[in-house]
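Student: Here is a sequence with its predicted model. Questions after.
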Amino acid sequence: NAATWHGLRAARSIGAQGTFFTWQNLQRRYPPPFSWMEQRNYRAAPVAIAGNQDAAQVLTEKGYRGEIVVIPQFGVDPAIFSPAADQDVCRTDEDPLVIGYAGGLLPEKGVDLLLRSCAKLRGEWQLRIAGQGDARASLIALAEALEIAQRVTLLDRVDSGEMPAFYRHLDVLVVPSRTTPRWKEQFGRVLIEAMACEVMVLGSDSGEIPNVIGDAGLIFPEDDEVQLSAQLQRLLDDRGCCVELGARGRQRVLEQFTMASVAVQTVDVYEKLLIRS
């Protein structure tokens, strides 16, 4: 808030319009003088950029009365994150369903839920997990207790340049996040990366996940082990669903989530500010 206040004050001093960006998707109240700065910022910026729908709602609830434009600050290069040219993503019904997760190994990310849901599946499947975090040891122990450790591959954090190859070996990427009093998903970058690679995505309804996936994947109620397992079983039994939703996902990324698209939307906001100058 203090940095934004200084920036907008500097803009006013030279007769320029200012704006700000926010990811804040949880309602938080600040004590003075920060609450005063926050309200001053709201009055000084005729247009604000929110990273997700919840952040836009929080702005409104906290008193912002200007125009709010929702633009995620993440985009992908579809030439890099692309489907493998020589690979049928979901292969055949006889092949194991390859399920993936990439991200932090933390309680709020719900990887334990994913393990328990996979343990209920009937048929052949594999789970590939890429990431680091404090829950790593407990997740290994849980996989062993569920007697599925032989089907689970736990990788370290994968470098960003190697992520397209990671996605291309999956049939479905799962983002099983669960909301906590202090956190909920702001976006989920791995979703658009996997979608760009024509890998279908399955996510919880935490935060912005449903808005990112839209009609190009499947959603389950957060922390609902039974529903997650049922969705995975559906995909295991019907690989055609993977192919259809995977193709739909890439099209959605091309329309909304490329770096070029994010840039165009941002320039539109700046042009609105220039008109108001």
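Tutor: Sure, I can see it. Numbering: from 1, shown residues only.

Student: for the residue nearest the centre of the chain, what are its contacts?
Tutor: Note on the chain: the residue nearest the mean C-alpha position is Gly188, at 1.2 Å, using Cα atoms, centre = their mean. In this structure, Gly188 makes contact with Val175, Ser177, Gly203, Gly207, Glu208, Ile209, Val212, judged by Cβ atoms under 8 Å, 6 or more residues apart in numbering. Any C-beta I mention is one placed from the backbone N, CA and C, and that applies to glycine too.

Student: Looking at these, spot the one nearest Ala55.
Tutor: Glu208 (8.6 Å; Cβ to Cβ).

Student: pretty sure Arg116 is in contact with Glu225, am I right?
Tutor: Yes. Proximity of Arg116 to Glu225 meets the contact threshold set by Cβ atoms under 8 Å, at 5.3 Å.

Student: who are the neighbours in contact with Leu121?
Tutor: Listed by Cβ under 8 Å, 6+ apart, the contact partners of Leu121 are Leu97, Ser229, Leu232, Gln233, Leu236.

Student: picking up where we left off before, just the contacts of Gly188: which are in strands?
Tutor: When the contacts of Gly188 are checked against strands (DSSP state E), the matches are Val175, Gly203.

Student: what's the most distant pair in the contacts of Gly188?
Tutor: Spatial extent of the contacts of Gly188 (Cβ to Cβ) is set by the pair Ser177 and Val212 at 11.6 Å.

Student: Just give me how far stretch 128-142 sits from the chain centre.
Tutor: For stretch 128-142, the gap between its own C-alpha mean and the chain's C-alpha mean amounts to 20 Å (Cα atoms, centre = their mean, to the nearest Å).

Student: err, stretch 59-70, not the other one
Tutor: Stretch 59-70 has its average C-alpha position 22 Å from the chain's average C-alpha position, going by Cα atoms, centre = their mean.

Student: Mind listing residues that contact it?
Tutor: Applying Cβ under 8 Å, 6+ apart, the contact partners of stretch 59-70 are 22, 27, 38-39, 42, 45-53, 55-56, 265, 268-269, 272.

Student: please redo it, this time with the cut-off set to 10 Å
Tutor: Applying Cβ atoms under 10 Å, 6 or more residues apart in numbering, the contact partners of stretch 59-70 are 19-22, 24, 27-30, 35, 38-39, 41-58, 208, 211, 265-266, 268-269, 272, 276.

Student: Restricted to buried residues, select these in PyMOL.
Tutor: Buried members of the contacts of stretch 59-70 can be picked out in PyMOL with the line below, counting by 16 or more other Cβ atoms under 10 Å:
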select buried, resi 19+20+22+38+41+42+44+45+47+48+49+50+51+52+54+55+56+58+208+265+266+269
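
Student: circling back: got a markdown table for the contacts of Leu121, with pLDDT and distance to Glu67 too?
Tutor: Formatted as a markdown table, these follow (pLDDT from 0 to 100; distance: Cβ to Cβ, whole Å):
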| residue | pLDDT | distance to Glu67 |
| --- | --- | --- |
| Leu97 | 97 | 45 |
| Ser229 | 98 | 43 |
| Leu232 | 98 | 41 |
| Gln233 | 97 | 45 |
| Leu236 | 96 | 46 |
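
Student: Which strands or helices does the helix or strand where Ile192 lies pack on?
Tutor: Following DSSP states H and E, the helix or strand that holds Ile192 is helix 189-196. For helix 189-196, the contact count by 3 or more Cβ pairs under 10 Å, 6 or more residues apart in numbering; DSSP states H and E identifies strand 97-102, helix 163-168, strand 172-175, strand 200-204, helix 209-213, strand 217-220, helix 239-256 as packing neighbours.

Student: Of all those, which one is nearest Gly15?
Tutor: Closest among the helices and strands packed on helix 189-196, once you apply Cβ to Cβ, is helix 239-256, at 34.4 Å.

Student: Return the set of buried residues in the closest one.
Tutor: 239, 241-243, 245-250, 252-253, 256.
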